[in-house]
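> Predicted model and sequence below, questions to follow.
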Amino acid sequence: MKFTTKSEVILIILKITLIYLYLYSNKLFNTNIKICLCTIGKNENSYIKEFVTYYKELGYNHIYLYDNNDIDNEKFEDIIYNEINKGFVTLINYRGIRGENINPQLEAYKDCYEKYNMKYDWLSFFDIDEYLELIPKTLKIHDFLSILIKDIHNAKILK
């Protein structure tokens, strides 16, 4: 779709905003959805706090962080101890796990899924340098998934 005028773009943005406000004001968003994020990291202390803060502000309920740092190397808890103590982040020791037949990331994600898939409605798997961006930027993950669920329930399969 190509817009020819600035007013057409503004009109589309206005329509999207009105739909969002309607859904929000009519409590169609489900804030009871439980959403967690699973990730594994190694040598990423310089931006782990930004990552945790970003996903907390996006509305995630919990983060499971698999620490794959070398045994004598940096520790995530030195940087995000507040979020660990508050219970938003669970740190899982995967320090020093590696080998020819072991993919630490795959094993960590498998472990996270097996342990926590029944506790949450949605699980996300992101690397620590990956950020989910919802548009509009004011949209939270619960809102997005509520809209998605509603759309899925309203969808029909045609033969």
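On my side now, so go ahead.
> which residue ranges form the helices in this protein?
Assigned by DSSP state H, the chain shows helices spanning 6-25, 45-58, 77-85, 104-116, 141-154.
> which of those has the lowest average pLDDT?
Here the lowest mean pLDDT among these goes to helix 6-25, at a mean of 58.
> Run a quick neighbour tally on the nearest residue to residue 41 once chain neighbours are set aside.
Spatially, and ignoring its direct neighbours in sequence, residue 41 is nearest to residue 128 (4.5 Å; CB to CB, 6 or more residues apart in numbering). Backbone N, C-alpha and C define where each C-beta goes, glycine included. Using other CB atoms under 10 Å, residue 128 has 19 neighbouring residues.
> now do residue 137
7.
> go on, residue 67?
22.
> Residue 63 against residue 91, yeah?
No - assessed by CB atoms under 8 Å, residue 63 is found out of contact with residue 91, at 9.3 Å.
> These two: who's more crowded?
residue 63 (22 against 17).
> bridging residues for that one?
Under DSSP bridges, the beta-bridge partners of residue 63 are residue 37, residue 89.
> Would you mind listing the residues in contact with it?
Counting by CB atoms under 8 Å, 6 or more residues apart in numbering, residue 63 makes contact with 36, 37, 38, 39, 52, 55, 56, 83, 88, 89, 90.
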